[in-house]
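Novice: next come a sequence and a model predicted from it.
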Amino acid sequence: MAWERMSIEEYAAFKRNGGDRVVKIKGTWWVEARPFFFRPLFPLSRVAPGLANYPATSIVGGVLHLIPERMQANSSMNLFLYEDLAGYSLESMDKKSRWTVRKSMEHFHAERLTDVELFVRQAYPVYRSFYDRTKYFYKSERTAERIFAQWARTIFSTPKVKVTGGYRQDRLCAVDISYQVEDLVIEDVFFSDSLSQQLRVTDFMLHVLREQASRSDARMLFRGFPSGKESLDRSKISRGCRLLALPAHCRINPLALYLGKSVMNDSYGKLAAMTAPQSAEK
């Protein structure tokens with residue numbers, strides 16, 4: 001179940017096919033994460049600050065990106081990353097975490113999913129359960145089965161994307177979608193039904209992902225940016241994921257910042273979490 005490496009060009013094509021707005025400026029691919037607000041598509045890309053290096057419409061909203069070494073930062077970018085992938089094993093975990101994973105393994109097994117029609121039939125009810133539990137606002141249109149099926153076909157049209165299912169007997173309970181871009185494994189999507197949460201399906205699926213990453217040639221595993229929701233972010237930290245604050249440059253149109261604070265609380269909260277200073281213990 002190893003990943004086949006994607007180039008950044010392939011990654012950009014995959015994201016564009018999925019409906020994301022991506023644009024290439026001077027060798028760097030950017031994604032419009034929110035209207036008129038851009039960040040590099042590959043999260044570890046480093047860009048020298050300057051309007052000529054940014055998408056033109058970012059002047060309306062803003063940009064956030066890592067910077068080359070020895071350049072002056074005006075902000076930081078926080079990323080959830082696992083390092084030392086090869087060093088992962090059950091034996092390397094603390095006693096409580098090891099017990100949790102082993103208990104989860106009593107209930108679930110993992111399979112790679114390759115049949116898109118089977119995926120839609122099995123995964124859509126899981127996604128609805130996930131949405132009903134979390135009220136996750138991002139891409140909420142996928143709660144419509146037709147839109148969910150369209151999204152699934154985009155995912156399965158790219159063979160280098162790995163879709164892993166967590167099953168309890170023959171019932172799909174959780175889905176993890178991941179891929180490797182250059183030397184970085186990216187966990188793109190994870191969702192599970194509510195009943196399986198009680199049986200620690202999240203810990204099981206994370207164990208499967210980290211075991212696979214330990215056998216890859218990747219350098220790090222990226223689990224996303226802080227969400228601004230404390231319980232969600234702390235759950236990643238409690239499972240051993242490091243929240244790294246890397247030197248960055250942030251430029252935001254003052255009017256866009258005001259509107260974000262006033263009427264786009266979720267988007268502003270995520271931006272604030274992505275750039276917040278981190279204490280040493282993280």
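Specialist: Here it is on my side, so go on.

Novice: nearest residue to T158 other than its sequence neighbours?
Specialist: Distances taken as C-beta to C-beta, 6 or more residues apart in numbering put F14 closest to T158, at 4.9 Å, once the chain neighbours are dropped. Every residue, glycine included, has its C-beta placed from N, CA and C.

Novice: report the longest helix in this protein, please.
Specialist: Assignment by DSSP state H gives helix 116-134 as the longest helix of the chain.

Novice: centre of the chain versus that one, how much separation?
Specialist: Relative to the chain's own centre, helix 116-134 is displaced by 18 Å; criterion: C-alpha atoms, centre = their mean, to the nearest Å.

Novice: also stretch 223-243?
Specialist: Distance, centroid of stretch 223-243 to centroid of chain: 11 Å (C-alpha atoms, centre = their mean).

Novice: quick one: end-to-end distance for that stretch.
Specialist: Using C-alpha to C-alpha, to the nearest Å, one end of stretch 223-243 lies 10 Å from the other.

Novice: would you indicate which residues of it are buried?
Specialist: Neighbour counts using 16 or more other C-beta atoms under 10 Å place 223-228, 233, 236, 239, 241, 243 of stretch 223-243 among the buried residues.

Novice: and L246, that's in a helix?
Specialist: No. Read with DSSP: H, G, I helix; E, B strand; the rest coil, L246 is strand and lies in no helix.

Novice: return the distance of the residue nearest to T158 relative to W29.
Specialist: Separation of F14 from W29 (C-beta to C-beta, to the nearest Å) stands at 11 Å.

Novice: cool, L206 as well?
Specialist: 28 Å.

Novice: repeat for R215
Specialist: Where W29 is concerned, R215 sits at a distance of 28 Å (C-beta to C-beta).

Novice: compare neighbour counts for those two and give me the winner.
Specialist: Using other C-beta atoms under 10 Å, the more surrounded residue of R215 and W29 is W29, with 19 against 13.

Novice: which helix or strand contains the more buried one?
Specialist: strand 28-34 (DSSP states H and E).

Novice: and the average pLDDT for that strand is what?
Specialist: In this model, strand 28-34 has an average pLDDT of 95.

Novice: one step back: next secondary structure after the longest helix of the chain?
Specialist: Assigned by DSSP H and E, the successor of helix 116-134 is helix 145-156.

Novice: give me the contact list for that next one.
Specialist: For helix 145-156, contacts defined as C-beta atoms under 8 Å, 6 or more residues apart in numbering pick out 17-19, 114, 116, 119-120, 123-124, 127, 139, 141-142, 161, 163, 177.

Novice: pick the one among these closest to A276.
Specialist: The closest of those to A276 turns out to be K139 (C-beta to C-beta; 24.4 Å).

Novice: where exactly do the helices run in the stretch 51-200 of the chain?
Specialist: 95-105, 116-134, 145-156, 194-197 (DSSP state H, counting those that start in this stretch).

Novice: which other helices and strands does the shortest one contact?
Specialist: Looking back up the chat, that one is helix 194-197. helix 116-134, strand 171-181 (3 or more C-beta pairs under 8 Å, 6 or more residues apart in numbering; DSSP states H and E).

Novice: in CSV: these, plus mean neighbour count.
Specialist: Shown next, in CSV, are the helices and strands packed on helix 194-197 (neighbours: other C-beta atoms under 10 Å):
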stretch, mean neighbour count
helix 116-134, 17
strand 171-181, 22
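
Novice: worst mean pLDDT among the ones you listed?
Specialist: Looking at the helices and strands packed on helix 194-197, the bottom one is helix 116-134 with a mean of 93.

Novice: contact partners for D193?
Specialist: 125-126, 129-130, 173-174.

Novice: also S104?
Specialist: For S104, the contact set (C-beta under 8 Å, 6+ apart) comprises 199-201, 203-204, 207.

Novice: read off the pLDDT value for it.
Specialist: 97.
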